[in-house]
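[1] From the sequence below, what's the structure:
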Amino acid sequence: MEHFKLRLASSRMIAPSVRHLAFEREDGKPFAFVPGQFIQIHFRYADGTPTKRSYSVGTIGVDGATPVPVLKIAVSYVEGGAATELLSRLEEGGMVDASGPYGRFCLQDGDANRRYLLVATGTGVTPYRAMLPLIRRLSEARGCRFDLVYGARTEAELLYGDEFEAFAREVPGFAFHPCFSRVPRAVPGPNDRVGRVQVALKALAPDPAGDIAYLCGNPEMVDQCFAMLKEAGLPIAHIRREKYVSSR
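    As a prediction, this is how the structure comes out:
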């Protein structure tokens with residue numbers, strides 16, 4: 001874990017209230033992380049009190065292990081949020097203080113399961129984006145399957161949806177299941193679902209003998225899916241969780 005400064009290299013809006021930001025380290029060093037980990041952005045409230053916010057790394061590396069030159073995150077806007085004030089106004093070349101990487105929400109070398117159930121809502125899908133090179137490798141080396149279940153209210157809020165759908169066409173062992181809780185797509189995809197992620201997760205028939213599940217995003221979703229998977233018989237050690245809590 002290190003402390004370092006990040007310079008904003010570029011940014012773009014990927015949803016009406018989500019900004020994708022690409023940073024480079026001020027010292028020019030590449031950033032080493034394990035897909036699934038996060039960084040912390042350090043700043044101060046208006047009264048000078050120090051605080052920090054956590055953001056999953058969303059960079060797709062070459063192989064999921066080599067340090068990357070650009071660190072990418074997705075930031076949701078929170079009305080009145082101090083981090084929103086900082087990161088929504090940050091211009092290209094602007095600097096922030098950061099530290100990391102942190103976390104163990106990662107694919108594990110010792111796993112011997114047949115399938116991974118990856119579940120996300122909102123920006124909780126970001127760590128799975130970083131995992132794509134590892135998913136390709138594990139799918140080819142072990143023959144295991146990956147089902148990514150991703151919940152959004154509308155098509156406009158389906159972050160990185162085009163990338164996941166393209167990846168699903170390239171990698172036979174990976175399937176993408178978008179779930180729309182408010183408005184379905186005008187042109188539905190083959191795996192689209194209307195409703196919350198719990199609907200698609202249940203339809204995938206979680207199997208305690210062969211599945212490991214990852215849950216990331218809204219705490220209520222994480223808790224409900226955790227309860228569903230426990231009821232299906234999955235061991236607690238095979239249900240890995242990361243909750244995203246909006247902070248002001």
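
[2] Please go through the protein and pick out the longest strand.
    Ranked by residue count, the top strand of the chain under DSSP state E comes out as strand 2-15.

[3] what distance separates that strand from the middle of the whole chain?
    Strand 2-15 sits 16 Å away from the centroid of its parent chain (CA atoms, centre = their mean, to the nearest Å).

[4] Would you map the helices across the protein?
    82-89, 126-142, 161-170, 197-203, 219-231 (DSSP state H).

[5] Distance to residue 3, mean neighbour count and mean pLDDT for these - can I get that in JSON lines?
    From N, CA and C alone the C-beta is placed, and that goes for glycine too. Conversion of the helices of the chain to JSON lines gives the following (distance: least, CB to CB, whole Å; neighbours: other CB atoms under 10 Å; pLDDT from 0 to 100):
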{"stretch": "helix 82-89", "distance to residue 3": "17", "mean neighbour count": "17", "mean pLDDT": "92"}
{"stretch": "helix 126-142", "distance to residue 3": "21", "mean neighbour count": "20", "mean pLDDT": "96"}
{"stretch": "helix 161-170", "distance to residue 3": "31", "mean neighbour count": "15", "mean pLDDT": "97"}
{"stretch": "helix 197-203", "distance to residue 3": "36", "mean neighbour count": "18", "mean pLDDT": "96"}
{"stretch": "helix 219-231", "distance to residue 3": "28", "mean neighbour count": "17", "mean pLDDT": "97"}
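
[6] Residue 182: which of those is closest?
    Residue 182 sits nearest to helix 197-203 of all the helices of the chain, at 13.5 Å, using CB to CB.

[7] residues touching residue 199, list them.
    179, 193 (CB atoms under 8 Å, 6 or more residues apart in numbering).

[8] let me fix that: residue 71
    Residue 71 neighbours (CB under 8 Å, 6+ apart): 6, 22-25, 31, 39, 57, 59.

[9] Among those, name the ones in strands.
    Per DSSP E, the contacts of residue 71 map to strands at 6, 22-25, 39.

[10] quick one: average confidence on the longest strand of the chain?
    Mean pLDDT, taken over the full extent of strand 2-15, equals 97.

[11] How about residue 235: what's its closest non-neighbour residue?
    Once flanking residues are discounted, residue 235 sits nearest to residue 208: 6.9 Å by CB to CB, 6 or more residues apart in numbering.

[12] Tell me where the protein is predicted with low confidence.
    Residue ranges of the chain with pLDDT under 70: 247-248.

[13] do that again at 80, thanks
    Residues of the chain that meet the criterion pLDDT under 80 lie in 63-65, 245-248.

[14] what's across from the closest residue to residue 91 other than its chain neighbours in the sheet?
    Distances taken as CB to CB, 6+ apart place residue 8 nearest to residue 91, at 7.0 Å, with adjacent residues excluded. With DSSP bridges applied, residue 8 shows beta-bridge pairing to residue 23.
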